[in-house]
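# take this sequence and fold it.
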Amino acid sequence: MFTFLLVVQAIVAALLVTVILMQKSEGGGLGVGGSPAGLMSARGAADFLTRSTTVLASIFVLLSVVMAVIAAVRHAPSDIDTSLVKQAPATQGAPAAPNADPLAGAASNAASAPAANGAVPLAN
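Predicted coordinates for the structure are as follows:
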């Protein structure tokens, strides 16, 4: 359904661009000659293009709102599955002294600890 509405939205957008570009900047319409009365007269073309622009713009906005609602309902937030979350391993070293440099202790522990999973420790 969403894909269908997206294609319709693209078609409406292309038609809207075409209708807008066919109008004169003064609102004169197609500028094509013809009989004084009728669709292709300056007045008739302006009325037709103005109404077409209004209808297409309204359809475009309506489709945008409908597609936003469909997208929000389709991707509604769900409960978070925490079954795959790993627990943090417990630290095995003694806590550092309160006045000790925390980076110096971490560097010495990292240098003496074996690398896990074949990882190579970084050198300082």
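# please pull out the lowest mean pLDDT helix or strand from the chain.
Least confident helix or strand of the chain, by mean pLDDT, DSSP states H and E, is helix 102-112 with a mean of 53.
# how about low-confidence regions in the chain?
Applying pLDDT under 70 to the chain flags the ranges 26-45, 76-77, 88-124.
# and the helices in the chain?
2-22, 42-74, 102-112 (DSSP state H).
# any chance of a markdown table for those helices, columns distance to I80 and mean neighbour count?
From N, CA and C alone the C-beta is placed, and that goes for glycine too. Converted to a markdown table, the helices of the chain look like this (distance: least, CB to CB, whole Å; neighbours: other CB atoms under 10 Å):
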| stretch | distance to I80 | mean neighbour count |
| --- | --- | --- |
| helix 2-22 | 25 | 13 |
| helix 42-74 | 18 | 14 |
| helix 102-112 | 32 | 11 |
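# so can I have JSON lines of these showing distance to Q87?
Compiled in JSON lines, those are given as follows (distance: least, CB to CB, whole Å):
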{"stretch": "helix 2-22", "distance to Q87": "40"}
{"stretch": "helix 42-74", "distance to Q87": "34"}
{"stretch": "helix 102-112", "distance to Q87": "21"}
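# between those, which one is closest to T82.
Of all these, it is helix 42-74 that lies closest to T82, at 23.6 Å by CB to CB.
# now that closest one against helix 2-22, angle please.
Orientation check (axes from the mean of the first three to the mean of the last three CA atoms, to 10 degrees): helix 42-74 against helix 2-22 gives 160 degrees.
# returning to what we had before: among the helices of the chain, which is nearest K86?
helix 102-112 (20.2 Å).
# which ones are touching the residue lying closest to M67 once chain neighbours are set aside?
Nearest residue to M67 in three dimensions, chain neighbours excluded: L5, at 5.4 Å (CB to CB, 6 or more residues apart in numbering). By CB atoms under 8 Å, 6 or more residues apart in numbering, L5 lies in contact with 63, 66-67, 70.
# and the furthest pair within those residues?
Across the contacts of L5 (CB to CB), the longest gap, 10.3 Å, separates L63 and I70.
# so how many other residues sit close to S25?
Neighbour count for S25, taken as other CB atoms under 10 Å: 5.
# now swap in I80 and tell me
By the criterion of other CB under 10 Å, I80 has 6 neighbours.
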